[in-house]
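Visitor: have a look; sequence and predicted model below, questions after that.
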Amino acid sequence: MPFFPPEFVQKVIDSNDIVEIVSASVRLQGSGDRLKGLCPFHKEKTPSFTVGRDTQMYHCFGCGKGGTTLNFVMQQQGLDFVDGVKFLAERANIDWTAYNSKVKSGRNRGGSGLNGAGGSAEYGETMVTKIDQRKILVNLNRDVARYYRDMLHSPLGNKVMEYARERQISDKTIAKFGLGYAPDNKEIIEVLHDKGYTDEQILLAGITAKGERGDVYLRFRDRFMFPIIDVRGNVIAFGGRIIGDGKPKYLNSAQTPLFNKSVNLFALNLAKLNKQTYFLLVEGYMDVVMLHQCGIDMAIATLGTALTEEQAKIIKRYRRQVIISYDTDEAGQNATRRAIDICRRAGLEIKILQLKTPTGQEKAKDPDEYIKRFGVGAFKQQLDNSPSDMAFLSDKLREGLDLTESFNKTKYIHDVAREFTKIDSPVELEIYAQNIATQTGVSVHNILQEVGMIKSEMKNFGGFSGAHDDEVIERDRRHAKKNDDAENILLALMMQDVSALKEAKKCVNPQDFSQGNDEIAEMLLNGEEVKSLLSNEKFADKASVISSMMFERNIIGDVVTTVRELSERIKKERMDYLIKQAMDEKNIDEVNRLFKQKREMGNSA
């Protein structure tokens, strides 16, 4: 029998997200429910370690290891079954002591136990260190937060308190968020030493940092401090704002065993208590603090970085909808567009808060400024009337365009259609297409046809049919990215394979290639020998790089098929470039001619 009841073990596993657990030690990449990284259990250069966000399981195709969050911490940290459960239970603030009389640690059993790792003294020491480490760091961060809080209310914190008053932050809000001040001295080190913490633990928590020469320094000095608290109420990191001049304006804790900024959100511990069906996602700590002070307590923020796939998934875990309110400057609007794509992939419903006055003009940079200038009531009205993500994107694409001009109308429909390719629901797509049809006078049928054509292009660009499985396709894509584009791959094949060159003569012309590659393509298509290219001073460097590219047959597959697909891809990429160029030049006749030619290409494919 297990030392813990099965239902308790399952509760512990379910309370720990595998992405959070693995991300603390493995850099995961990818989107959706499947993430990949380098396996922590064996050496590898190509990622074969996968984590399923939906299944809450991991598996390495290289070494074969896999399982749940419990298996991961046992394998990675060298824990036996009992201590693995205890570690995860403590991490999730689940009390396991009720089973204490029934549980004996692996280090006292003398044997390996159930899924155990042995009972040596050395193992016991390592196990205790790893289990206790998180608890020690949580306590250390709590003590640091209390110190910063006390410093804010001391004479040393007068300058920061004056700043808080200028920003209209109330005492109640200061207490709610545990705001504080990191003074410009090293007293915190002495305080932590007096509490029994070692220099190594202080460094591990990120309170201090090491310089390039190995010197240790305080990470936060003379800053207004914002504790970062996880959903279980633990202080896991800090953000600090400089008062007055100085850079960086905001500074966050580095990654620690407690903190990964890509999988945490500021004020999520508070916002999740709100009964609304959505979160309000803003850019900065100060926006969140002021919004909560005004009763808009569903506000959260990322931690000094752009929104990540992991953060979007965390939002989805708590709410089905997110309203994004980033800064209204160019950087903020670009971040909004990126966040929209990430949130869509996470399956979230998205709205965009635009911070407009009753006259319809954007007047404030961020929510904090807007509320101070126009009031909470006006802000809530804007919040209630937030448009959908697609309505927002359509409005942005229409800005500055006179749709009575044919050129502007063509450009607008083409750009909007590209955004519409991200819509999965046919009903949602038709509704938005109807809106655009009303604005432009172009039929819903033609708008949907444009969307379909672009989707078809994107599908064709996805990869080569010569590949045999997902892993090979991924290698192929990495290979193409490394060598810049499809043109280099095709030119290399033409240099190295007679059948590839023969097929290329049927599929492409020199003008299909970009500047620089077009002359090399012309010489090859006209029968010029590779050695002539390599000896030609004008082309030698470029031709040498291209010719040195080698291809494994199991990656490329059938050469003739690959050449055809590369040729098609190159032509379409070239066509897109020419269309954009014509649009930039506002040459409506050329745009229409190219669109017609592009459709003919699609029909003949």
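Guide: Arrived safely.

Visitor: every contact and neighbour count from this point should use C-alpha atoms.
Guide: Will do.

Visitor: is it true that residue 381 lies in a helix?
Guide: Yes - read with DSSP: H, G, I helix; E, B strand; the rest coil, residue 381 is one of the residues of a helix.

Visitor: quick check, pLDDT for the residue in the chain sticking out farthest from the centre.
Guide: In the chain, the greatest distance from the average C-alpha position (CA atoms, centre = their mean) is reached by residue 527, at 47.6 Å. On the pLDDT scale, residue 527 is placed at 82.

Visitor: that one: what secondary structure?
Guide: coil.

Visitor: distance-wise, check it relative to residue 497.
Guide: Computed with CA to CA, to the nearest Å, the distance linking residue 527 and residue 497 is 13 Å.

Visitor: now residue 345
Guide: Relative to residue 497, and taking CA to CA, residue 345 is found at 41 Å.

Visitor: neighbour-wise, which of the two wins?
Guide: More neighbours surround residue 345 than the other of residue 345 and residue 497, with 16 against 11 (other CA atoms under 10 Å).

Visitor: low-confidence regions, the protein specifically.
Guide: 1-3, 31-32, 100-131, 358-363, 457-485, 530-558, 583-589, 592, 602-605 (pLDDT under 70).

Visitor: which residue packs closest to the most centrally placed residue in it, ignoring adjacent ones?
Guide: Centroid-nearest residue in the chain: residue 308, 2.3 Å away (criterion: CA atoms, centre = their mean). Distance criterion CA to CA, 6 or more residues apart in numbering; nearest residue to residue 308, sequence neighbours excluded, is residue 262 at 6.1 Å.

Visitor: that neighbour touches residue 311, doesn't it?
Guide: Yes - using CA atoms under 8 Å, residue 262 makes contact with residue 311 at a distance of 6.5 Å.

Visitor: number of nearby residues for residue 92?
Guide: Residue 92 has 18 nearby residues by other CA under 10 Å.

Visitor: with residue 434 instead?
Guide: Considering only other CA under 10 Å, residue 434 is surrounded by 18 other residues.

Visitor: wait, it touches residue 446, no?
Guide: No - checked against CA under 8 Å, the pair residue 434 and residue 446 is beyond contact range at 10.9 Å.

Visitor: in stretch 387-403, which residues are buried?
Guide: 387, 389-394, 397-398, 403 (16 or more other CA atoms under 10 Å).

Visitor: with those in mind, which one is nearest to residue 6?
Guide: residue 389 (44.3 Å; CA to CA).

Visitor: next up, the contacts around the residue nearest to the centre of the chain.
Guide: Listed by CA atoms under 8 Å, 6 or more residues apart in numbering, the contact set of residue 308 reads 262-263, 342.

Visitor: ok, now which ones touch residue 423?
Guide: residue 429.

Visitor: what about it, helix or strand, and which?
Guide: Take DSSP states H and E as the rule and residue 423 turns out to sit in neither a helix nor a strand.

Visitor: could you measure residue 58 against residue 14, distance?
Guide: 14 Å.

Visitor: thought residue 205 was touching residue 260?
Guide: No - counting by CA under 8 Å, residue 205 does not reach residue 260; the two are 12.0 Å apart.
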